[in-house]
Every structure is written in C-alpha cells, then in structure tokens.
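Asks: Structure for this input, please:
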Amino acid sequence: VFGSPYRPRPLSWEYNGTTYVNERSVATPKTGWSFIAQVRPWMPSELTTILWFAADDSSTAPRVPIYAASTQIAPPYAGQGAQDGVMTPLLQFDLDKAFWVQNQVSNFAYFRWKDVYPVLRAKIDQVQGDFERLVQRTDRE
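Replies: Predicted coordinates for the structure are as follows:
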C-alpha cells in the first residue's frame, strides 16, 4: 500500500494446490526492539562494546548507542521489566518512552510509505550521524 515494502499478511498462501511462503523481513511492523552489537577489541574494556538499540520497527527507528559497560541509560529507554521481577507497563501509552514515540512514527509511515519514508530516512540518517560523532568524541575523551 502506497509503496510500502511490507507484505500483507498472512505470510503463506495457497494457489493451485501449492503452498507458498514469504520470508519474514528483518524490519517488520511486529518488531518490538532490535539491536546491533559492535565489538571493538582495540578499545579500552569499558568502551569495547556498543549496542546500537532501536525501539519498535528497525526500519523506522534510529539506533541509539549504548556502551555495554553503562550502568545507566537515558530515561526514555529505562525501566524495569520481567527480568527484574516487575511486570512492565508496556501497554500503557507514554510519550516519555522511546518505544511509544517510535511506534507512532512507524504507524504513520506504514500507510503513506512512499511519501513519508524518504523524509523519515533522511532524518534517521542525520540522527545516526550525530550519534556516530558523539561516540567518536566519547571514545577520544
């Protein structure tokens, strides 16, 4: 729809007695979060690994750098969850949380993809560049 790369559901269908299946793409509307681990063994131990984290769909969210040695993260990404013995209020809408902001952006883009995504991609690229420069500056300090 409107140039969206997302395939309509279901991912399998039958035609003339043969079942066909679409593969799941990496970026999908059903993504809750994703990350890329960057390991840099030449760096001091506390700077060796960076998790480039994206909330919601990985094609419509910027990746935020989080040093693996971090002891705190920014409030929009912070919170307790099941791993802490706390049921997270994930289903409570909260624009102070990165997931909900990215979820709104993603859902807006899905239905006007060819119009919205080029503008969104340019902004993501700008933000990613800013984060990369911040990492370089942090690494030098």
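Asks: Neighbouring strands - and their directions - for the helix or strand of the chain with the lowest mean pLDDT?
Replies: Confidence across the helices and strands of the chain bottoms out at strand 12-15, with a mean of 78, counting by mean pLDDT, DSSP states H and E. When pairing is defined by DSSP bridges, strand 12-15 lines up against strand 18-21 (antiparallel).
Asks: residues of the helix or strand following the partner strand that come out buried?
Replies: From strand 18-21 onward toward the C-terminus, using DSSP states H and E, the following helix or strand is strand 33-39. By neighbour count, with 16 or more other Cβ atoms under 10 Å as the criterion, the buried positions of strand 33-39 are Ser34. Where you see a C-beta, it was placed from the backbone N, CA and C, and this is true even at glycine.
Asks: burial measure for the nearest residue to Ser34 once chain neighbours are set aside, as a count.
Replies: Setting aside the residues directly before and after it, Ser34 is nearest to Ser58 in space (Cβ to Cβ, 6 or more residues apart in numbering), at 4.2 Å. Here the count is done by other Cβ atoms under 10 Å, and Ser58 has 19 residues near it.
Asks: Likewise for Leu95?
Replies: 9.
Asks: hang on, the earlier thing: make sure the residue nearest to Ser34 is actually in contact with Gly32.
Replies: No: using Cβ atoms under 8 Å, Ser58 and Gly32 do not qualify as a contacting pair, with a distance of 10.2 Å.
Asks: Now the helix or strand that contains Ser106 - C-alpha only, PDB.
Replies: Here Ser106 is covered by helix 98-110, with elements defined by DSSP H and E. Extracted in PDB, the C-alpha atoms of helix 98-110 (Å, rounded to 0.1, in the frame of the first residue of the first chain):
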ATOM      1  CA  ALA A  98      11.100   5.900  23.200                       C
ATOM      2  CA  PHE A  99       9.000   2.900  22.200                       C
ATOM      3  CA  TRP A 100       5.800   4.800  22.000                       C
ATOM      4  CA  VAL A 101       7.300   7.700  20.100                       C
ATOM      5  CA  GLN A 102       8.800   5.300  17.600                       C
ATOM      6  CA  ASN A 103       5.600   3.300  17.400                       C
ATOM      7  CA  GLN A 104       3.700   6.400  16.400                       C
ATOM      8  CA  VAL A 105       6.200   7.300  13.800                       C
ATOM      9  CA  SER A 106       6.200   3.800  12.400                       C
ATOM     10  CA  ASN A 107       2.500   3.600  12.200                       C
ATOM     11  CA  PHE A 108       2.300   6.900  10.500                       C
ATOM     12  CA  ALA A 109       4.900   5.900   7.900                       C
ATOM     13  CA  TYR A 110       3.300   2.500   7.000                       C
END
